[in-house]
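**Q** After the sequence you'll find the predicted model.
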Amino acid sequence: MLEKRKVPRRKMVLPVKVSTDKDTLLAYTVDITNGGARLGGLRANLELGMIISLQRGSHKAKFRVAWVQEIAANELRAGVECLEPNSNFWGVNLRDRDEEAKKDMQALMTLLTSNVSKNPTV
């Protein structure tokens, strides 16, 4: 199945502090993008559309809950989108990896194209 995402997720487990109107608790990322994350280890009641704060070290940002899934008794997983996407909240340069993958794909396509033009029967 092909992923229909505009931006690929990057698997990365990072500790985060999740704050709602009622609670502050610890959770972790399952994967991240510049614009959001999939969170695991949640033990709070989250609802679709809810605005939460995430804190990672000294970085804080507001996120909107995009989806919630119960994966075990009293444990949720949630997708969140950053409401401050230009903040570099994660402190990780995700762009380099995407650009590197594009360059690798372009190099592979160039190599394959040049081999086909040299050997049309291949």
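**A** Structure received.
**Q** So which elements touch the longest strand seen in the chain?
**A** For the chain, the longest strand by residue count, based on DSSP state E, is strand 59-72. When contacts are defined as 3 or more Cβ pairs under 8 Å, 6 or more residues apart in numbering; DSSP states H and E, strand 59-72 sits against strand 36-42, strand 51-56, strand 75-82. Bear in mind the C-beta positions are built from the backbone N, C-alpha and C, glycine included.
**Q** Return the distance of the residue nearest to the spatial centre of the chain relative to Glu47.
**A** Centroid-nearest residue in the chain, with Cα atoms, centre = their mean: Ile32, separated by 2.1 Å. Distance of Ile32 to Glu47, computed by Cβ to Cβ, to the nearest Å: 22 Å.
**Q** Same check on Asn93?
**A** 32 Å.
**Q** Now do the longest strand of the chain against strand 36-42, angle only.
**A** Put simply, strand 59-72 runs at 60 degrees to strand 36-42, going by axes from the mean of the first three to the mean of the last three Cα atoms, to 10 degrees.
**Q** Okay, now the sheet partners of strand 59-72, with direction.
**A** Partners of strand 59-72 in the sheet, by DSSP bridges, are strand 51-56 (antiparallel), strand 75-82 (antiparallel).
**Q** quick check: mean pLDDT across the first one?
**A** Read it as strand 51-56. Averaging pLDDT along strand 51-56 yields 95.
**Q** any residues touching it, and which ones?
**A** In this structure, residues lying in contact with strand 51-56 by Cβ atoms under 8 Å, 6 or more residues apart in numbering are 14-20, 37, 46, 60-65, 80, 83, 89-91.
**Q** buried subset of these?
**A** 14, 16, 18-20, 37, 46, 61, 63, 65, 80, 89-90 (16 or more other Cβ atoms under 10 Å).
**Q** Tell me which of the strands paired with strand 59-72 sits most buried.
**A** Among the strands paired with strand 59-72, the stretch with the highest mean neighbour count (mean count of other Cβ atoms under 10 Å) is strand 75-82, at a mean of 19.
**Q** returning to what we had before: got the strands paired with strand 59-72 as a markdown table, with distance to Leu108 columns?
**A** Compiled in a markdown table, the strands paired with strand 59-72 are given as follows (distance: least, Cβ to Cβ, whole Å):
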| stretch | distance to Leu108 |
| --- | --- |
| strand 51-56 | 35 |
| strand 75-82 | 31 |
